[in-house]
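>>> Generate coordinates for the sequence data below:
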Amino acid sequence: MSVFSPVERMLAWRYLRARRREGFISLTTWFAIIGIMLGVATLILVTSLMNGIREEMTSRFIGIGGHIVVMSNTGPFIDYRQAADVAGSVAGVTSVVAKVEGQVMATSEGIALGAQVIALPAKALEQRALFNEHVDAGSLDGLKNGEGIVLGYRLARNLHLSVGDEVTLISPQGRSSIAGFIPRMKSYPVMATLKLGMHEFDASLILMPFADAQTYFMLNTPEGDAISNLEISVRNPDEAPRIARQIHEKIGPNVEVIDWQKTHAGVFSALKVQRNVMIIILALIILVAVFNIISSLVMLVKDKGHDIAILRTMGATKASVMRIFILAGTLIGVTGTFGGVLLGLWLAKNIEALHQFVEKLTGQEILIENIYFLSTLPTKTDPDEVAVIIGLSLALSFLATIYPARRAARLDPAEALRYE
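Residues are numbered from 1 along each chain as shown. I've put the predicted structure just below:
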């Protein structure tokens, strides 16, 4: 059985439809609907953007550094094969990859820039989608075959290099001689460039063949070949801290184990704080829009005082009058909320196209990569968050109807008809 009678539904709908002389009442109703719609749409868009940015940055950072890093506390990681076997036996670990890393100075045509060298075994490199799917020019085959190196496209552009050119790498690791310390220098052909979409990597990343990197960074020790660290991937990234503790306990105290949440704690903490603050601010937009419902209904009650008095004299109860205005306000809230959901989902789906359109229209770069990390606007809409936003908007809209509805129900028929 419906809470609202057919007469109550008919009156609520009629009161929201303005006649010519009541045009202002209808206008305030539209303001209330549009206010809620914009608040809900903006909240859905911003939460989708923040989720998308976090996921995109997480995939980039993890694609470069893995979920967990294991390194030796005593210098080059020589007994890494035994440590890899132990780490691979921990539940939740999906892969363990040997890795060589190092800082170098890349020089070409009198230009010198700092760069980060990363080297992975050929098999691991073939399985790394982050690199294979973001080749800007050239091919990674030469890297896998040990024929040359790969640069981030911004690094290559800043050094005035293209595929086929040579770049000289200078390492602080070198050798002492009679003339003094001589840094290690070697030239490599550029086999390809990568465009990962994050300025930090595009402007500094160098991929080198694994064996060449071990030689270049002098990791071929008398005790055996060594690496910089082990890169570990896990099934569930959120469980990385727990798995990292288990790995540390099993391998022993001679290693340092760091999970991705610690490695990039500053970035993700800042994103979390920013997301929470923006949600609070945008929720206030919905709250402000809800006050439009209150003002709209108060004006409606005042305008319909004569009708309410007649309804009361004809036998309508206070509860019936109250339900009429609760339904009228709820219709405003429901219309605004679901209109906002549709608008928010559409914006979340097409925000990158809109971003590109605005940049072409204005001729200005809105998303500057070296400031905002990303060059695109990724979105990820969480159905649970959308459901919470809908519930919050509907609940606030319903609460906003209570005061005007009670005011209508308490209206004295004799007082309202005194001057009729």
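>>> CA atoms for contacts and neighbours, from now on please.
Noted.
>>> Give the buried residues for the host helix or strand of Ala124.
Assigned by DSSP states H and E, Ala124 belongs to helix 122-126. For helix 122-126, the neighbour count (16 or more other C-alpha atoms under 10 Å) marks Ala122, Leu125 as buried.
>>> Give me the next element, helix or strand, following that helix.
Downstream of helix 122-126, the next assigned helix or strand under DSSP H and E is helix 129-132.
>>> average model confidence for that following helix?
The pLDDT scores in helix 129-132 average 82.
>>> Quick check: which helices or strands does that helix pack against?
Using 3 or more C-alpha pairs under 8 Å, 6 or more residues apart in numbering; DSSP states H and E, the elements in contact with helix 129-132 are helix 23-65.
>>> Restrict the helix or strand following the helix it packs on to CA atoms and write it as CSV.
Using DSSP H and E, the next helix or strand after helix 23-65 towards the C-terminus is strand 68-72. Extracted C-alpha coordinates of strand 68-72, given in CSV (Å, rounded to 0.1, in the frame of the first residue of the first chain):
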residue,chain,number,x,y,z
ILE,A,68,57.8,-4.7,-2.8
VAL,A,69,61.5,-4.1,-3.0
VAL,A,70,64.1,-6.3,-1.3
MET,A,71,67.7,-5.0,-1.1
SER,A,72,70.9,-5.9,0.7
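>>> Neighbouring strands of strand 68-72 in the sheet, and parallel or not?
strand 229-234 (antiparallel), strand 255-259 (antiparallel) (DSSP bridges).
>>> Give me the contacts around the helix holding Ala124.
The contact list for helix 122-126, computed with C-alpha atoms under 8 Å, 6 or more residues apart in numbering, reads Val97, Phe131, Asn132, Lys144, Asn145, Pro209, Phe210.
>>> hmm, try it at 6 Å
For helix 122-126, the surrounding residues in contact (C-alpha atoms under 6 Å, 6 or more residues apart in numbering) are Lys144.
>>> Check stretch 62-79 too.
Here stretch 62-79 makes contact (C-alpha under 6 Å, 6+ apart) with 130, 226-233, 254-260.
>>> can you pull the buried residues of it?
62, 64-72, 76-78.
>>> now that stretch, how far from the chain's geometric center?
27 Å (C-alpha atoms, centre = their mean, to the nearest Å).
>>> For the stretch 101-250 of the chain, which segments count as helices?
122-126, 129-132, 141-144, 153-158, 199-202, 210-216, 240-251 (DSSP state H, counting those that start in this stretch).
>>> mind showing which ranges of the stretch 1-150 of the chain have poor pLDDT?
The model of the stretch 1-150 of the chain has pLDDT under 70 over residues 1-5, 7-26, 63.
>>> how does it look with 90?
Residue ranges of the stretch 1-150 of the chain with pLDDT under 90: 1-40, 42-116, 118-149.
>>> Report the rounded mean pLDDT for the helix or strand where Leu311 lies.
Here Leu311 sits within helix 305-313, counting by DSSP H and E. The average pLDDT for helix 305-313 rounds to 69.
>>> for stretch 362-382, same thing?
67.
>>> mind checking the end-to-end distance for that stretch?
32 Å (C-alpha to C-alpha, to the nearest Å).
>>> Report the central residue of the protein.
The chain has Ile53 as the residue nearest its centroid, 2.4 Å off, counting by C-alpha atoms, centre = their mean.
>>> relative orientation of the lengthiest helix in the chain and helix 23-65 in degrees?
As assigned by DSSP state H, the longest helix anywhere in the chain is helix 318-362. For helix 318-362 against helix 23-65, the angle by axes from the mean of the first three to the mean of the last three C-alpha atoms, to 10 degrees is 60 degrees.
>>> could you say what helices and strands helix 318-362 packs with?
For helix 318-362, the elements it packs on are helix 6-16, helix 23-65, helix 383-409, judged by 3 or more C-alpha pairs under 6 Å, 6 or more residues apart in numbering; DSSP states H and E.
>>> coming back round to it: for the strands paired with strand 68-72, which one sits closest to Phe268?
strand 255-259 (13.1 Å; C-alpha to C-alpha).
>>> Next, the buried residues of the next helix or strand after that closest one.
Moving toward the C-terminus from strand 255-259, the next helix or strand (DSSP H and E) is helix 260-263. Neighbour-count burial for helix 260-263, counted by 16+ other C-alpha under 10 Å, picks out Trp260, Gln261.
>>> same question, stretch 165-172
For stretch 165-172, a neighbour-count test (16+ other C-alpha under 10 Å) marks Glu166, Val167, Thr168, Leu169, Ile170, Ser171 as buried.
>>> can you tell me which of the residues you listed are in strands?
Filtering the buried residues of stretch 165-172 for membership in strands, criterion DSSP state E, returns Glu166, Val167, Thr168, Leu169, Ile170, Ser171.
>>> Next, format those residues as TSV and append pLDDT and distance to Leu282.
Formatted as TSV, the entries for these read as follows, by pLDDT from 0 to 100; distance: C-alpha to C-alpha, whole Å:
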residue	pLDDT	distance to Leu282
Glu166	89	52
Val167	88	50
Thr168	89	51
Leu169	89	49
Ile170	86	50
Ser171	82	50
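>>> Spatially, which two of these are the most separated?
Pairwise over these, using C-alpha to C-alpha, the maximum falls at Glu166 and Ser171, 16.3 Å.
>>> residues near the closest residue to Val234 other than its chain neighbours, how many?
In space, and not counting its chain neighbours, Val234 is closest to Val93: 4.3 Å by C-alpha to C-alpha, 6 or more residues apart in numbering. Neighbourhood size, Val93 [other C-alpha atoms under 10 Å]: 20.
>>> again, but for Glu101
If we define neighbours as other C-alpha under 10 Å, then Glu101 has 20 of them.
>>> now swap in the one 4 residues further on and tell me
Residues contacting Met105 under the criterion other C-alpha under 10 Å number 18.
>>> Which residues are in contact with it?
By C-alpha under 6 Å, 6+ apart, the contact list for Met105 reads Leu113, Gly114, Ala115, Leu169, Ile170.
>>> rerun at 10 Å
111-117, 168-172, 185, 204 (C-alpha atoms under 10 Å, 6 or more residues apart in numbering).
>>> Ok, Lys349 next?
For Lys349, counting by C-alpha under 10 Å, 6+ apart, the contacting residues are Leu45, Ser48, Leu343, Pro378, Thr379, Lys380, Thr381.
>>> ditto for Gln274
Met50, Phe268.
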